[in-house]
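Chemist: Give me coordinates for this.
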Amino acid sequence: MRKALILLLFMGISVIASAQNWETNIDKAKNRAALENKNIILVFSGSDWCIPCMRLEKNIWESADFISYSKEHFIMLRADFPKKKANALSKDQQADNDKLAETYNKDGLFPYVVILDKNGKIKGSTGYKNNTPAEYIALLHSIEKN
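Modeler: Next comes the predicted model:
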C-alpha cells in the first residue's frame, strides 16, 4: 500500500513538472515574450464542450514532445470559454477572454490558434489538425515565417 502511494505521488509530481505553462493574461504573455524573445501561441478553446478543442488539448498541448518544445520556443496563452457553470471563470478572467476574442477571434472559431509576435501582432492562425505533435510544431513554424 505504501509503495503504491509513493508511486502515485511520484507520478503526480511528474505530471505537474511536465505540464504546459499557460498564461491567461495578454499583458503578462507579451511581457514574457519580449523578455524571452518568443512568439505567443494564443489558443481559443471551449474546454468543456468543444470536442476538437479537447482533442487538440490531449493530442498536442498535453503531449510531452510539444510541452518540451514549447517551453523553449513559445509563450502559451489560453482564452477558454467553458459553458458549464461548474467550470465558470472569474468575471475578470471572462472579461479578459472576451477582449481577446474581440481582438483576435471575431468569427468565434473553436478551437482557434493564433500565432502572435512578442508585441501581439498576428502572424497567422490555424485550428485543430489531426497531426502528431511534431507535425503541429512544423505547422506553427510555417505560419510564424509568413
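Chemist: does Lys123 really touch Leu140, like I thought?
Modeler: No. The pair Lys123 / Leu140 is not scored as a contact, 9.7 Å apart, by CB atoms under 8 Å. Heads up, the C-betas are built off the backbone N, CA and C, glycines and all.
Chemist: Give me the residue ranges of the protein where confidence is low.
Modeler: Within the chain, the segments meeting pLDDT under 70 span 1-18.
Chemist: Quick check: the residue found closest to Asn146 once you drop the neighbours it is linked to in the chain vs Asp96, distance?
Modeler: Leaving aside its sequence neighbours, Asn146 sits nearest to Gly124 (CB to CB, 6 or more residues apart in numbering; 5.3 Å). Counting by CB to CB, to the nearest Å, the separation of Gly124 from Asp96 is 23 Å.
Chemist: ok so, going back, out of Lys123 and Leu140, which sits in the more crowded spot?
Modeler: Taking neighbours as other CB atoms under 10 Å, Lys123 and Leu140 compare with Leu140 leading, 23 against 15.
Chemist: need the contact list for the more buried one.
Modeler: Ile41, Phe74, Val113, Ile115, Thr126 (CB atoms under 8 Å, 6 or more residues apart in numbering).
Chemist: Repeat the analysis, applying 10 Å as the threshold.
Modeler: Leu140 makes contact with 39, 41, 60, 66, 69-70, 73-74, 113, 115, 123-124, 126, according to CB atoms under 10 Å, 6 or more residues apart in numbering.
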